[in-house]
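In: I would like to see how this sequence folds:
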Amino acid sequence: MNSSQQPIVVVDDCRVSRELLSSTLRACGYQTVECGSGTQLLDFMEREVPVLVLLDIALPDSNGFDLLARVRHRFPLDTLPVLVVTASAEERDVVRALTTGANDLIVKPIDRNSFLARVYYQLNLVQIHRQNEEQRLKLMRLLGVKEAIEGLCGEAVAVQDGQGRIAYCNDLLKRLVPGAESMGMRDLLAQLVPETTVNKLIADITADTSRSLTQWIKLPTTMREGGFVESCRLRTAIHGEYRIWVARLEAIEEASGFCGWSPGMV
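Out: Below you'll find the model as predicted:
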């Protein structure tokens, strides 16, 4: 995480404690802002969102737990970590801090290495959350309007990420293959087509990772239970870092002729 963009706020009415924590963090390249009261913290957060808050519970103008609750009301755990720094190691205070919304609790006097490790861990979790959210938004842009995809009658859609995992599947696919969203792509294909066909599909796209394929595949007889015939046309193509798979399923009552393929999907 680029700590130069957002500061860590140290909230403590004791100047010596504030300076100790701030100097320890600055020595590791973090920017810090010091607040001597709860009011100063709230005023600062009206102007800027910190990357992490170190909060002393015993403040002259605020109940630390109430202040923690106010911060948590605005910012969830995974977007703004709050580490309670307190001289009290009583179980009731630990429980209250964690249930009120603290990500962690550090008891004074602090151990430098343990303190820095806890700060790094929380900042790393925030970074992972942001990366996951960016990936989710990127995927939604890639897919376009989600409702439009799920409204396409007869098209089962799966999106595979670079590690072979299912990043997205539409409602039709989830109905036909329960648990599809938690499978790897190979395992999902194995639910739909014979193993020899799976092996050939995987081999073809492994040999040329940018390759697009379109072919007829034989589906299990259980597809009739879903109202579809036993074979369909499967298409797969790469879009950015994702591979999209689309199976156009034909309803049994339309089995007299293939009703067409929608290449605009991939």
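In: looking at this, residue 157 is in a helix?
Out: No: with DSSP: H, G, I helix; E, B strand; the rest coil as the criterion, residue 157 is strand rather than part of a helix.
In: surely it is in contact with residue 171?
Out: No: Residue 157 is not in contact with residue 171 according to CB atoms under 8 Å; the separation is 9.4 Å. C-beta coordinates here come from the backbone N, C-alpha and C atoms, glycine included.
In: burial count for residue 154?
Out: Around residue 154 there are 16 other residues, counting by other CB atoms under 10 Å.
In: quick one: it from residue 41, how far?
Out: 56 Å (CB to CB, to the nearest Å).
In: and residue 69, by the same measure?
Out: Residue 69 sits 13 Å away from residue 41, going by CB to CB.
In: these two - which one has more neighbours?
Out: Between residue 69 and residue 41, counted using other CB under 10 Å, residue 41 has the larger neighbour count: 23 against 12.
In: is it true that the more buried one lies in a helix?
Out: Yes: assessed by three-state DSSP, residue 41 belongs to a helix.
In: from residue 12, how far off is it?
Out: Residue 41 sits 10 Å away from residue 12, taking CB to CB as the criterion.
In: just residue 209 next, same as before
Out: 54 Å.
In: which one's more surrounded, those two?
Out: residue 12 (25 against 9).
In: look up the closest residue to the more buried one, ignoring the ones flanking it.
Out: Leaving aside its sequence neighbours, residue 12 sits nearest to residue 56 (CB to CB, 6 or more residues apart in numbering; 4.1 Å).
In: list the residues that contact the one you found.
Out: When contacts are counted by CB atoms under 8 Å, 6 or more residues apart in numbering, residue 56 touches 11-14, 17, 64, 84-86.
In: distance of it from residue 75?
Out: Separation of residue 56 from residue 75 (CB to CB): 18 Å.
In: below-threshold pLDDT in the stretch 51-200 of the chain: ranges please.
Out: For the stretch 51-200 of the chain, the stretches flagged by pLDDT under 70 are 140-153.
In: got phi/psi on the residue nearest to residue 12?
Out: Dihedral angles of residue 56 (phi, psi; degrees, to the nearest 10) stand at phi -80, psi 140.
In: look up how far residue 196 lies from it.
Out: Taking CB to CB, one finds residue 56 at 66 Å from residue 196.
In: so which residues of the chain form strands?
Out: For the chain, applying DSSP state E gives strands covering 8-11, 32-35, 52-56, 82-86, 104-107, 155-160, 166-169, 213-218, 231-239, 242-248.
In: and the ones you listed as JSON lines, adding distance to residue 181?
Out: As requested, those are exported to JSON lines (distance: least, CB to CB, whole Å):
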{"stretch": "strand 8-11", "distance to residue 181": "37"}
{"stretch": "strand 32-35", "distance to residue 181": "42"}
{"stretch": "strand 52-56", "distance to residue 181": "33"}
{"stretch": "strand 82-86", "distance to residue 181": "33"}
{"stretch": "strand 104-107", "distance to residue 181": "32"}
{"stretch": "strand 155-160", "distance to residue 181": "9"}
{"stretch": "strand 166-169", "distance to residue 181": "5"}
{"stretch": "strand 213-218", "distance to residue 181": "21"}
{"stretch": "strand 231-239", "distance to residue 181": "18"}
{"stretch": "strand 242-248", "distance to residue 181": "13"}
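In: which one of those lies nearest to residue 138?
Out: With distances scored as CB to CB, the stretch of the strands of the chain nearest to residue 138 is strand 242-248 (9.0 Å).
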